[in-house]
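[1] Mind looking at a prediction? Sequence and model below.
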Amino acid sequence: MILGLDMIKNDKGSTLILLVIIISLISVTGLSIMSVTMTQYEIRKSNSEIKRTFYMSENGLNYAYVDIYYLIETTIEESEKTADDFINENPSNQIEGENIFYNNFKKNIINKIVKKNYNYPNTYIEVTNKDILAFDNNRLLVKVSSKYISGRGIEKIISADFIIVVPSFYEVKSNDLKLLDLLSIDNWQICK
């Protein structure tokens with residue numbers, strides 16, 4: 001009988017060792033799975049942050065578009081008033097009144113764009129060609145850049161060319177002007 005007790009004691013020892021090995025393997029596997037899961041979570045979170053940063057930077061160009069559209073609208077109104085005042089004082093000089101409208105529009109739209117400051121949370125919008133703005137064939141090319149920096153430091157820069165066309169004085173006077181035809185976007189690109 002004593003021999004049987006020794007075998008049972010040895011079985012208990014090997015079972016305990018086997019149990020410790022199995023628990024260790026399960027623990028290592030569980031930790032590995034948890035580590036992979038956390039890594040995948042961080043990757044998804046980073047991807048979401050990158051997409052959000054991209055959309056917020058793109059949204060900066062939307063802000064710029066709306067602001068420039070409003071600048072065009074107010075500049076047309078101001079230029080029309082200046083031309084109308086001249087024409088009312090000089091009814092026989094209609095052509096000069098038209099020239100005043102065109103020149104006033106060109107000068108004032110450039111001045112307004114140069115002086116415009118864009119302040120949006122974490123989005124930095126800038127006209128990158130402020131120093132060389134000039135009309136060419138009644139078209140003004142305004143290069144706009146929008147940069148967004150996320151809370152985690154991810155940065156995205158998107159740029160586009162805004163093209164402003166000088167409105168027709170006759171369309172303004174006849175209320176046939178479509179403001180959307182005066183502003184277009186070209187050369188949209190991701191810079192960073």
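    Here it is on my side, so go on.
[2] Now do the strands in the chain.
    For the chain, the strands defined by DSSP state E occupy 123-127, 135-136, 139-149, 155-165, 183-190.
[3] Report the angle between the first one and strand 139-149.
    Computed by axes from the mean of the first three to the mean of the last three Cα atoms, to 10 degrees, the angle separating strand 123-127 from strand 139-149 equals 160 degrees.
[4] Local confidence estimate at the closest residue to Glu80 other than its chain neighbours?
    In this structure, Glu80 finds its nearest non-sequential neighbour in Val172, 5.5 Å apart by Cβ to Cβ, 6 or more residues apart in numbering. C-betas here are computed from N, CA, C, even on glycine. Note on Val172: pLDDT of 89.
[5] any chance of the strands of the chain in TSV, with mean pLDDT, mean neighbour count and distance to Met56 too?
    Shown next, in TSV, are the strands of the chain (pLDDT from 0 to 100; neighbours: other Cβ atoms under 10 Å; distance: least, Cβ to Cβ, whole Å):
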stretch	mean pLDDT	mean neighbour count	distance to Met56
strand 123-127	89	18	6
strand 135-136	92	12	32
strand 139-149	93	19	4
strand 155-165	93	19	8
strand 183-190	89	12	13
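[6] Can you add distance to Leu25 and give the ones you listed back as JSON lines?
    What follows is the strands of the chain, written out as JSON lines (distance: least, Cβ to Cβ, whole Å):
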{"stretch": "strand 123-127", "distance to Leu25": "51"}
{"stretch": "strand 135-136", "distance to Leu25": "74"}
{"stretch": "strand 139-149", "distance to Leu25": "45"}
{"stretch": "strand 155-165", "distance to Leu25": "44"}
{"stretch": "strand 183-190", "distance to Leu25": "47"}
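[7] quick one: which of the ones you listed is nearest Ile22?
    For Ile22, the closest of these is strand 155-165, at 49.1 Å, according to Cβ to Cβ.
[8] contact partners of that closest one?
    Residues outside strand 155-165 that contact it (Cβ atoms under 8 Å, 6 or more residues apart in numbering): 50, 53-54, 56-58, 60-61, 64-65, 68, 72, 109, 128, 138-149, 181-192.
[9] Swap in 7 Å and give it another go.
    53-54, 57-58, 61, 65, 68, 72, 109, 138-149, 182-192 (Cβ atoms under 7 Å, 6 or more residues apart in numbering).
[10] chain center to that strand, what's the gap?
    Centroid displacement of strand 155-165 relative to its chain, using Cα atoms, centre = their mean, to the nearest Å, is 9 Å.
[11] now the helices for this protein?
    2-89, 94-115, 169-173 (DSSP state H).
[12] Point out the most buried one among those helices.
    Ranked by mean neighbour count, these are led by helix 94-115 with a mean of 17 (mean count of other Cβ atoms under 10 Å).
[13] Give me the angle between that helix and strand 123-127.
    140 degrees.
[14] Show me what helix 94-115 is packed up against.
    For helix 94-115, the helices and strands in contact under the criterion 3 or more Cβ pairs under 7 Å, 6 or more residues apart in numbering; DSSP states H and E are helix 2-89, helix 169-173.
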